[in-house]
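J.: The following block contains a protein sequence and its predicted model.
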Amino acid sequence: MLITASEIADAVIELRGVMRRTPLVASRVLSERADREVWLKCENLQRTGSFKPRGAYYRISRLSPAERERGVVAASAGNHAQGVAWSASRLGISSRVYMPVGAALPKIAATRAYGAEVELVGATIDESLVAAREFAERTGAVLIHPFDHRDIVIGQATVGVEICEQMPDVGTIVVPLGGGGLLAGIAAAVKPVRPDVRIIGVQAADAAAWPQSLAAGSPTAAARMATMADGIAVALPGEVPFAHVTELVDDVVTVDEDALATALLLMLERAKLLVEPAGAAGVAAVVEGVCGQLSGPVCVVASGGNIDPLVLSHVTTTGLSAAGRFLTVTATVPDRPGGLISLLEMLRDQGASVVDVVHSRVAEGLALGQVQVTVSAETRGPDHQATVRAALAQAGFLR
């Protein structure tokens, strides 16, 4: 049975004064790209930096005294971990969280700082979840699943309630999609009162279990899990979210890694908002135009903002490259004084700003008296890059 309006209303009351009512911010650049009004629901500004505490707190708050005594356990790459740790600490309950070995260090540190015991297990969330289940069976701790529980979905539904209140004329809602708890909750809150609103889920193409699951009619594990968007890298959709998504969601689309990186960069530069790759998935879908026919004003959910600074640096570079603003070329120059200067002067004259230079005298195919130079430079976009490459080729620098 799908969650009901009365269940969602109870969650709204329970979470009032506990969760932040996150702002809705207009985005001029996205409005221009979509040719319609686009707003951002900033769950990256929620407590712990994502929407996750909504579901985690509501789920834990409904535990019996005996269950609270046994404590809670969870598995997460970071956002659910922090949500569970924060919620349990606020409610005076002990918590233990299993995280993948490759989880971002700031997320691990934050989870511990919120009061949880943390253990690193496995390469993926799914492997960590196996360990969390074993701990629950062994100790009696209550497993707080990241998405596949009715109370979790009900808690996340409060995002949908806020969107309807803050944006009464909303026509389309675009939501990052991993296990499905957030998308299912928003759809359950919105569709019964506004059946005309289009609701679209967005997955990373390299970790997309939902398209094949929807085609098969049941949750089906993804064969590939290789995305920078670790917050939505879930191999198997949950049964509870699947029932809601199947019934209430209009479409599920995917975006590639370049689109995610470009969207994150766009949010930084134009919206002045820091989001993680998963949190930028909805923005990427709007920018790439993969959402199909948009209806009315659009609300894009920025689901989280917890990102490792090292990952941010890598993603920003990827985004600059994808946007045609970061060019790397390998050129051949004479191995004599002035050879490199002539290349750098040409880049200067073409308006490219050199960032890095690497020499090699032993690269394959080099003739005697030649040196290979790899240059990274900032450019102004794809057209400028094409002009720079053409000038270098005409001068004989490119092999």
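T.: Ah, there it is.
J.: check which helix or strand covers Arg112.
T.: Applying DSSP states H and E as the criterion places Arg112 in helix 105-113.
J.: now swap in Arg224 and tell me
T.: When secondary structure is defined using DSSP H and E, no element contains Arg224, which sits outside every helix and strand.
J.: For it, what are phi and psi?
T.: Main-chain dihedrals, Arg224, degrees, to the nearest 10: phi -130, psi 140.
J.: Val255 versus the closest residue to it other than its chain neighbours, what's the distance?
T.: Counting by Cβ to Cβ, 6 or more residues apart in numbering, the nearest residue to Arg224 once its immediate chain neighbours are dropped is Asp206, at 5.8 Å. Backbone N, C-alpha and C define where each C-beta goes, glycine included. The spacing between Asp206 and Val255, counted by Cβ to Cβ, to the nearest Å, is 10 Å.
J.: again, but for Arg33
T.: For Arg33, the distance to Val255 under the criterion Cβ to Cβ works out to 14 Å.
J.: For those two, work out which one has more neighbours and name it.
T.: Taking other Cβ atoms under 10 Å, Arg33 and Val255 do not tie; Val255 has more neighbours (28 against 16).
J.: For the more buried one, which residues are in contact?
T.: Residues near Val255 by Cβ atoms under 8 Å, 6 or more residues apart in numbering: 202-205, 263, 281, 284-285, 288, 290.
J.: Tell me which of those residues fall in helices.
T.: For the contacts of Val255, membership in helices holds for 263, 281, 284-285, 288, with DSSP state H as the criterion.
J.: Quick one: residues in contact with stretch 257-269.
T.: Looking at what lies outside stretch 257-269 - Cβ under 8 Å, 6+ apart - the contacts are 29, 204-206, 227-229, 255, 273-277, 280-281, 283-285, 287-288, 302, 315-316, 318-323.
J.: now the helix or strand bottoming out on mean pLDDT in the chain against helix 105-113, angle please.
T.: With mean pLDDT, DSSP states H and E as the measure, the helix or strand of the chain carrying the lowest mean pLDDT is helix 309-322 (a mean of 81). Using axes from the mean of the first three to the mean of the last three Cα atoms, to 10 degrees, the direction of helix 309-322 lies 150 degrees away from that of helix 105-113.
J.: packing partners for helix 309-322?
T.: Secondary structure elements in contact with helix 309-322, counted by 3 or more Cβ pairs under 8 Å, 6 or more residues apart in numbering; DSSP states H and E, are helix 257-266, strand 326-334.
J.: could you dump those to a markdown table with distance to Val130?
T.: Converted to a markdown table, the helices and strands packed on helix 309-322 look like this (distance: least, Cβ to Cβ, whole Å):
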| stretch | distance to Val130 |
| --- | --- |
| helix 257-266 | 27 |
| strand 326-334 | 40 |
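J.: which one of the ones you listed is the most hemmed in?
T.: Each of the helices and strands packed on helix 309-322 was assessed for mean neighbour count using mean count of other Cβ atoms under 10 Å. The highest is helix 257-266, with a mean of 24.
J.: Return the distance of it from the chain's centre.
T.: Mean C-alpha position of helix 257-266 versus that of the full chain (Cα atoms, centre = their mean, to the nearest Å) differs by 10 Å.
J.: how far away is Ala221 from Val249?
T.: For Ala221, the distance to Val249 under the criterion Cβ to Cβ works out to 20 Å.
J.: so what's Val175 bridging to?
T.: Beta bridges link Val175 to Gly201, judged by DSSP bridges.
J.: So it sits against Val301, correct?
T.: Yes: contact criterion Cβ atoms under 8 Å: Val175 and Val301 qualify, at 4.8 Å.
J.: These two: who's more crowded?
T.: The residue with more neighbours, out of Val175 and Val301, is Val175; 31 against 27, by other Cβ under 10 Å.
J.: and the more buried one, what is it in contact with?
T.: Contacts here follow Cβ under 8 Å, 6+ apart; on that basis Val175 touches 182-183, 186, 199-202, 282, 301, 303.
J.: repeat for Val161
T.: Taking Cβ under 8 Å, 6+ apart, one finds 8, 12, 189 in contact with Val161.
J.: Just the CA atoms of stretch 385-399, as CSV, please.
T.: Taking C-alpha atoms only, stretch 385-399 is exported to CSV below (Å, rounded to 0.1, in the frame of the first residue of the first chain):
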residue,chain,number,x,y,z
GLN,A,385,39.4,25.6,-28.2
ALA,A,386,38.8,24.8,-31.9
THR,A,387,40.6,28.1,-32.8
VAL,A,388,43.6,27.3,-30.6
ARG,A,389,43.9,23.8,-32.0
ALA,A,390,43.7,25.0,-35.6
ALA,A,391,46.4,27.6,-34.9
LEU,A,392,48.7,25.1,-33.3
ALA,A,393,48.2,22.6,-36.2
GLN,A,394,48.9,25.3,-38.8
ALA,A,395,52.1,26.2,-37.0
GLY,A,396,53.2,22.5,-37.0
PHE,A,397,53.1,21.9,-33.3
LEU,A,398,50.5,19.1,-33.4
ARG,A,399,51.5,15.8,-34.8
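J.: For the chain, which residue occupies the most central location?
T.: Centroid-nearest residue in the chain: Ala278, 0.5 Å away (criterion: Cα atoms, centre = their mean).
J.: Against Asp230, how distant is that residue?
T.: Ala278 is 7 Å from Asp230, by Cβ to Cβ.
J.: next helix or strand past the one helix or strand Val358 maps to?
T.: Element membership for Val358, per DSSP H and E: strand 353-360. Read in the C-terminal direction, the helix or strand following strand 353-360 is strand 370-378, with elements assigned using DSSP H and E.
J.: buried ones in the lengthiest helix in the chain?
T.: Taking DSSP H as the criterion, the chain has its longest helix at helix 150-166. The neighbour-count criterion (16 or more other Cβ atoms under 10 Å) identifies 151-164 as the buried residues of helix 150-166.
J.: I'd like those residues as TSV, with distance to Glu117 and pLDDT appended.
T.: Output for the buried residues of helix 150-166, formatted as TSV (distance: Cβ to Cβ, whole Å; pLDDT from 0 to 100):
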residue	distance to Glu117	pLDDT
Asp151	23	98
Ile152	21	98
Val153	26	98
Ile154	27	98
Gly155	23	98
Gln156	25	98
Ala157	30	98
Thr158	28	98
Val159	29	98
Gly160	33	98
Val161	33	98
Glu162	32	98
Ile163	35	98
Cys164	38	98
